[in-house]
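Chemist: Give the three-dimensional model of this entry:
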Amino acid sequence: MKFACNKLMIIFYAVFQLVFIRSSQQHIYTCDSDTACGCSLNSVYISRIAGGETAWATTWGWAVSISIRGISLCGGSILSSSWILTAAHCVSGVSTSQVTVYAGSNTKFAGQSRVATSITVHPS
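Modeler: I've put the predicted structure just below:
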(Lines give C-alpha, C1' and ligand atoms only; values in the text may rest on other atoms or scores of the structure.)
Protein backbone atom coordinates (compact mmCIF):
# COMPACT_ATOMS: atom_id res chain seq x y z
CA MET A 1 0.00 0.00 0.00
CA LYS A 2 2.83 2.39 0.88
CA PHE A 3 4.52 1.72 -2.49
CA ALA A 4 1.29 2.46 -4.40
CA CYS A 5 0.84 5.71 -2.45
CA ASN A 6 4.42 6.80 -3.20
CA LYS A 7 3.97 5.93 -6.86
CA LEU A 8 0.77 8.01 -7.06
CA MET A 9 2.51 10.94 -5.35
CA ILE A 10 5.37 10.79 -7.86
CA ILE A 11 2.95 10.70 -10.79
CA PHE A 12 0.93 13.59 -9.32
CA TYR A 13 4.12 15.62 -8.76
CA ALA A 14 5.34 14.97 -12.33
CA VAL A 15 2.02 15.98 -13.87
CA PHE A 16 1.80 19.05 -11.62
CA GLN A 17 5.30 20.14 -12.65
CA LEU A 18 4.54 19.73 -16.35
CA VAL A 19 1.32 21.73 -16.11
CA PHE A 20 2.82 24.39 -13.85
CA ILE A 21 6.00 24.82 -15.90
CA ARG A 22 4.11 24.97 -19.22
CA SER A 23 1.60 27.54 -18.00
CA SER A 24 4.14 29.68 -16.14
CA GLN A 25 6.42 29.98 -19.18
CA GLN A 26 3.70 30.91 -21.65
CA HIS A 27 3.86 34.43 -23.05
CA ILE A 28 1.11 36.56 -24.50
CA TYR A 29 2.13 38.76 -27.41
CA THR A 30 -0.25 41.61 -28.11
CA CYS A 31 -0.05 44.52 -30.49
CA ASP A 32 -0.19 48.24 -29.92
CA SER A 33 -3.08 49.22 -32.18
CA ASP A 34 -1.71 52.78 -32.44
CA THR A 35 1.36 51.67 -34.42
CA ALA A 36 1.53 52.46 -38.13
CA CYS A 37 2.33 48.88 -39.14
CA GLY A 38 -1.01 47.49 -38.00
CA CYS A 39 -1.84 44.43 -35.94
CA SER A 40 -2.60 40.79 -36.40
CA LEU A 41 -6.21 39.74 -35.93
CA ASN A 42 -5.45 37.80 -32.72
CA SER A 43 -3.04 38.00 -29.81
CA VAL A 44 -0.50 35.20 -29.66
CA TYR A 45 -0.11 32.73 -26.80
CA ILE A 46 3.19 30.90 -27.13
CA SER A 47 5.47 29.09 -24.73
CA ARG A 48 8.50 28.35 -26.88
CA ILE A 49 10.36 29.29 -30.02
CA ALA A 50 12.90 26.46 -30.35
CA GLY A 51 11.17 23.47 -31.86
CA GLY A 52 8.22 25.66 -32.76
CA GLU A 53 4.52 25.53 -32.20
CA THR A 54 1.66 25.58 -34.67
CA ALA A 55 0.51 29.15 -35.18
CA TRP A 56 -2.95 30.36 -36.12
CA ALA A 57 -2.93 31.85 -39.60
CA THR A 58 -4.15 35.23 -38.29
CA THR A 59 -1.59 35.74 -35.51
CA TRP A 60 1.63 36.51 -37.39
CA GLY A 61 0.20 38.54 -40.27
CA TRP A 62 3.56 39.92 -41.37
CA ALA A 63 5.33 36.55 -41.59
CA VAL A 64 5.87 34.87 -44.96
CA SER A 65 7.33 31.65 -46.27
CA ILE A 66 9.84 31.94 -49.10
CA SER A 67 10.16 29.13 -51.60
CA ILE A 68 13.27 28.86 -53.76
CA ARG A 69 12.94 26.60 -56.80
CA GLY A 70 9.85 24.98 -55.26
CA ILE A 71 11.50 24.24 -51.89
CA SER A 72 10.35 26.17 -48.83
CA LEU A 73 13.64 27.32 -47.34
CA CYS A 74 13.30 30.63 -45.60
CA GLY A 75 11.00 32.93 -43.73
CA GLY A 76 10.59 36.64 -44.12
CA SER A 77 8.71 39.70 -42.90
CA ILE A 78 6.38 41.93 -44.86
CA LEU A 79 7.67 45.50 -44.71
CA SER A 80 5.15 46.98 -47.17
CA SER A 81 3.00 45.89 -50.10
CA SER A 82 6.15 45.84 -52.24
CA TRP A 83 8.94 44.72 -49.89
CA ILE A 84 9.79 41.50 -48.04
CA LEU A 85 12.79 41.30 -45.71
CA THR A 86 14.69 38.00 -45.45
CA ALA A 87 18.25 36.79 -44.88
CA ALA A 88 20.60 37.51 -47.79
CA HIS A 89 21.80 33.91 -48.01
CA CYS A 90 18.25 32.86 -48.92
CA VAL A 91 18.19 34.80 -52.18
CA SER A 92 21.84 35.43 -53.15
CA GLY A 93 22.52 34.21 -56.68
CA VAL A 94 18.87 33.22 -57.26
CA SER A 95 16.84 34.62 -60.16
CA THR A 96 13.54 36.32 -59.38
CA SER A 97 11.53 33.71 -61.28
CA GLN A 98 12.74 31.06 -58.79
CA VAL A 99 11.50 32.94 -55.70
CA THR A 100 7.88 32.64 -54.57
CA VAL A 101 6.57 34.33 -51.42
CA TYR A 102 3.58 32.85 -49.56
CA ALA A 103 1.60 34.91 -47.03
CA GLY A 104 -1.50 34.39 -44.91
CA SER A 105 -1.05 30.72 -44.08
CA ASN A 106 0.74 28.51 -41.59
CA THR A 107 1.03 25.72 -44.16
CA LYS A 108 3.83 25.45 -46.72
CA PHE A 109 2.92 26.49 -50.26
CA ALA A 110 -0.45 27.90 -49.20
CA GLY A 111 -2.04 31.31 -48.81
CA GLN A 112 -1.52 34.19 -51.19
CA SER A 113 1.54 33.78 -53.40
CA ARG A 114 3.64 36.20 -55.42
CA VAL A 115 6.71 35.63 -57.57
CA ALA A 116 9.55 38.05 -56.85
CA THR A 117 10.05 40.87 -59.34
CA SER A 118 13.40 42.06 -57.98
CA ILE A 119 15.98 40.99 -55.42
CA THR A 120 18.20 43.45 -53.60
CA VAL A 121 20.98 42.10 -51.39
CA HIS A 122 22.56 44.54 -48.95
CA PRO A 123 26.22 45.06 -49.93
CA SER A 124 27.64 44.23 -46.53
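Chemist: can you give me the helices for the protein?
Modeler: With DSSP state H applied, the chain shows helices at 2-24, 88-91, listed in chain order.
Chemist: Mean pLDDT lowest where, among the ones you listed?
Modeler: The stretch with the lowest mean pLDDT among those is helix 2-24, at a mean of 52.
Chemist: So, low pLDDT: which residues of this structure?
Modeler: 1-33, 35-59 (pLDDT under 70).
Chemist: all strands of it, in order?
Modeler: With strands called from DSSP state E, the chain shows them at 27-29, 44-46, 63-68, 71-78, 84-85, 99-103, 112-115.
Chemist: closest one to Val91 among those strands?
Modeler: Put simply, out of the strands of the chain the one that sits nearest Val91 is strand 99-103, at 6.1 Å, with distance taken as Cβ to Cβ. Placement of C-beta: from N, CA and C, glycine included.
Chemist: Determine the set of other helices and strands touching the closest one.
Modeler: On a contact count with 3 or more Cβ pairs under 8 Å, 6 or more residues apart in numbering; DSSP states H and E, strand 99-103 meets strand 63-68, strand 71-78, strand 112-115.
Chemist: Tell me which of these is the most buried.
Modeler: Each of the helices and strands packed on strand 99-103 was given a mean neighbour count from mean count of other Cβ atoms under 10 Å, and the largest, a mean of 20, is that of strand 63-68.
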